[in-house]
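Chemist: Got a predicted structure plus its sequence, pasted below:
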Amino acid sequence: MNAADSPRQRARQLPDLDTLDVQSLKALVLAKQAELDSHTTEIENLKLLILKLKRMHFGPRSEQYDRDIQQLELRLEDLEASQAAAAPPPIVPATVVLKQEAPRKPARRPLPADLPRETETIAPEHQACPDCGGTLRHLGEDVSETLEYVPARFKVIRTVRPKLSCAGCSQIVQAPAPSRPIDRGLAGPGLLAHVLVAKYADHLPLYRQSEIYGREGVELDRSTLADWVGGASRTLQPLVDALKKYVLGAEKLHGDDVPVPVLEPGNGKTKTGRLWTYVRDDRPAGSEAAAAVWFAYSQDRKGEHPAGHLQNYSGILQADGYAGFNKLYDTGRIVEAACWAHARRKFHDLYQAHRSPIAQEALERIGQLYGIEQEIRGRSPAERREARQARSRPLLEAMHVWLKATLGKLSQKSDVAVAIRYTLERWAALLRFCEDGRIEMDNNAAERALRAVALGRKNYLFAGSDAGGERAAAIYSLLGSAKLNGIDPEAYLSLVLRRIADHPINRIANLLPWNLFPASPPATEAA
């Protein structure tokens, strides 16, 4: 314990209680209570932060995990807001001298230099010295900054096209009307992009958007917004097709799927549709090709859907153990690469539930492999293969021997045996990343692409129909690809919708995110 925190030291900080009157004693008690309340709030805040960090670091990547983290975030916000809104501690009479510690606050970061700034100069009221009337001269200035928010605003663009008539032949001359993203549509490209991003990236259903716009004085019915979403999706479809072609032209794909609730027509109930994702991202293997993602929607999870999506694809597919992919591997066109994150998750769940020493050892062995991957991320495929052969393969061979020996000592119905069999049954596919430097150790690239969908499902029903699911898949594809390349999705869609109506269809690929915004790609994301 710090000497400053000892009971004797704290006692010396108090005034002589025998010399205080009743009012001073009351003030002292109230001040100490306020200090105690502040410390209690801070302790609870820190406990929640610790719990949040533990779950972020050790928790399983699942929807329950996301919900827990969001609840902790909300609780932390309430605590911090309550602390800020609390009344200041009572003023203690001069006869009471207290030494109070200033509350610890996070370090204030400087405001971004690229934000627009408005200067407000507050000059003294006096033109001359208020004491002697002498002339005032400039001595210096104090400058402080506050961060302000200006809400988005609507504006109306009036397009005027003068008509001119020839005095000689009465020929009428007029400039052609500019193209619109939606024929005869009221919405401009910026507003359409905002509606799409709010619905699919920020998870605001259209009825909520309608309410927000109404507060700003613009009445836009939900049905009108729905018409815009449908019209914009139709306009953007050729670009989505070009994106699909680019993604499926990769040598290696990450594939995954997620269930999504869809309204069942006729009876008002919901059914479970499926959203499939295919990610092209070779940046961890040193590639400079742009990363991209293509989504597809289906009414169920039958294997015929990925078979249709990948009917013309040849290359490597990194995915989980979904049996629907097996027919694709049987053709010989597609090589299976399994996911170590899925294998690890089974042991992690066992360790969390039972503190199984076998699960703990499995996690430690897999962790060593991930440590090697972290070191070689971004290197060329040849360098990665060489490092894996020299360092990862011996660890994998030792792990294989240990798994088989451990399995023989367990009841075949135990949960640990199930986790080990899951790993051993996919061993050849799990080992494939050692043989090919293009392959990742896991399928996290696809799982990251599906996080936005998981967030949207919590805010509203995913789709009102199968057609709505297909529209969502198309927009998710464009937004997700923009994000993968470090591009603001709303700025991207706004520019695309401004140009696409007049853009040659045979050069539609020029409107893909990395072609419209050819900036440096973002840093490679950890798998």
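Modeler: Perfect, thanks for sending it. Numbers count the residues shown, from 1 in each chain.

Chemist: Where does pLDDT dip in the stretch 1-150 of the chain?
Modeler: Flagging of the stretch 1-150 of the chain using pLDDT under 70 yields the residue ranges 1-13, 38-39, 41-108, 149-150.

Chemist: same question, the stretch 151-300 of the chain
Modeler: 151, 265-268.

Chemist: quick one, what contacts Glu397?
Modeler: Listed by CB atoms under 8 Å, 6 or more residues apart in numbering, Glu397 has no contact partners. Backbone N, C-alpha and C define where each C-beta goes, glycine included.

Chemist: That one - that's part of a helix, no?
Modeler: Yes. Glu397: assigned to a helix according to DSSP: H, G, I helix; E, B strand; the rest coil.

Chemist: Okay, it and Trp427: tell me how far apart.
Modeler: As judged by CB to CB, to the nearest Å, Glu397 and Trp427 stand 11 Å apart.

Chemist: distance between the ends of stretch 284-304?
Modeler: 31 Å (CA to CA, to the nearest Å).

Chemist: before we move on, what SS does the closest residue to Ser356 other than its chain neighbours have?
Modeler: Distances taken as CB to CB, 6 or more residues apart in numbering put Leu350 closest to Ser356, at 4.9 Å, once the chain neighbours are dropped. Under the three-state scheme (three-state DSSP), Leu350 adopts helix.

Chemist: before we move on, what about Ala27?
Modeler: Applying three-state DSSP: Ala27 is helix.

Chemist: I'd like the distance between it and Glu304.
Modeler: From Ala27 to Glu304 the distance is 77 Å (CB to CB).

Chemist: the more surrounded of those two?
Modeler: Neighbours were counted for Ala27 and for Glu304 using other CB atoms under 10 Å; Ala27 has more, 20 against 11.

Chemist: before we move on, back to that, wait, isn't the residue nearest to Ser356 in contact with Ser414?
Modeler: No. Leu350 is beyond contact range of Ser414, at 9.5 Å (criterion: CB atoms under 8 Å).

Chemist: Who has more neighbours out of those two?
Modeler: Between Leu350 and Ser414, counting by other CB under 10 Å, Leu350 is the more crowded of the two (21 against 14).

Chemist: residue ranges for the strands of this structure, please.
Modeler: With DSSP state E, the ranges of strands along the chain come out as 164-165, 172-173, 252-263, 270-280, 292-298, 315-318, 334-337.

Chemist: so how many other residues sit close to Glu425?
Modeler: 12.

Chemist: What of Ala123?
Modeler: If we define neighbours as other CB under 10 Å, then Ala123 has 6 of them.

Chemist: From Thr224, how far off is it?
Modeler: Distance of Ala123 to Thr224, computed by CB to CB: 50 Å.

Chemist: what's the answer for His254, then?
Modeler: Distance from His254 to Thr224, by CB to CB: 38 Å.

Chemist: the more surrounded of these two?
Modeler: Comparing His254 with Thr224 by other CB under 10 Å, the one with more neighbours is His254, at 27 against 16.

Chemist: So that one sits against Asp281, correct?
Modeler: Yes. If you go by CB under 8 Å, His254 and Asp281 touch, sitting 6.9 Å apart.

Chemist: what residues are up against Phe433?
Modeler: 337, 340, 388, 439-441.

Chemist: oh sorry, the question was meant for His254
Modeler: Contacts of His254 by CB under 8 Å, 6+ apart are 277-279, 281, 318-319, 440, 443, 445-446, 449.

Chemist: surely Glu373 meets Met441?
Modeler: Yes. The criterion here is CB under 8 Å, and Glu373 meets it with Met441 at 5.1 Å.

Chemist: higher neighbour count, the two?
Modeler: More neighbours surround Met441 than the other of Glu373 and Met441, with 24 against 20 (other CB under 10 Å).

Chemist: What pLDDT does the model give the more buried one?
Modeler: Note for Met441: predicted pLDDT of 95.

Chemist: Let me know the distance separating Arg344 from Gln412.
Modeler: Distance from Arg344 to Gln412, by CB to CB: 22 Å.

Chemist: can you check Gly190 too?
Modeler: For Gly190, the distance to Gln412 equals 62 Å [CB to CB].

Chemist: of these two, who's got more company?
Modeler: Neighbours per residue (other CB under 10 Å) separate Gly190 from Gln412, with Gly190 holding more: 18 against 9.

Chemist: Now do the contacts for the more buried one.
Modeler: Contacts of Gly190 by CB under 8 Å, 6+ apart are Ser494.

Chemist: how about 10 Å then?
Modeler: Contact partners of Gly190, counting by CB atoms under 10 Å, 6 or more residues apart in numbering, are 152, 155, 157, 490-491, 493-495, 497-498.

Chemist: Just put these in a markdown table and tack on distance to Gln360 and neighbour count.
Modeler: A markdown table is the format used below for the contacts of Gly190 (distance: CB to CB, whole Å; neighbours: other CB atoms under 10 Å):
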| residue | distance to Gln360 | neighbour count |
| --- | --- | --- |
| Ala152 | 51 | 10 |
| Lys155 | 61 | 7 |
| Ile157 | 64 | 6 |
| Glu490 | 46 | 18 |
| Ala491 | 47 | 15 |
| Leu493 | 47 | 29 |
| Ser494 | 51 | 21 |
| Leu495 | 51 | 18 |
| Leu497 | 53 | 24 |
| Arg498 | 56 | 19 |
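
Chemist: Among those residues, which one sits closest to Asp37?
Modeler: Asp37 has its nearest neighbour among the contacts of Gly190 in Ala152, at 39.2 Å by CB to CB.

Chemist: Not counting its neighbours along the chain, what's nearest that closest one?
Modeler: Among residues not flanking Ala152 along the chain, His194 sits closest, at 7.5 Å (CB to CB, 6+ apart).
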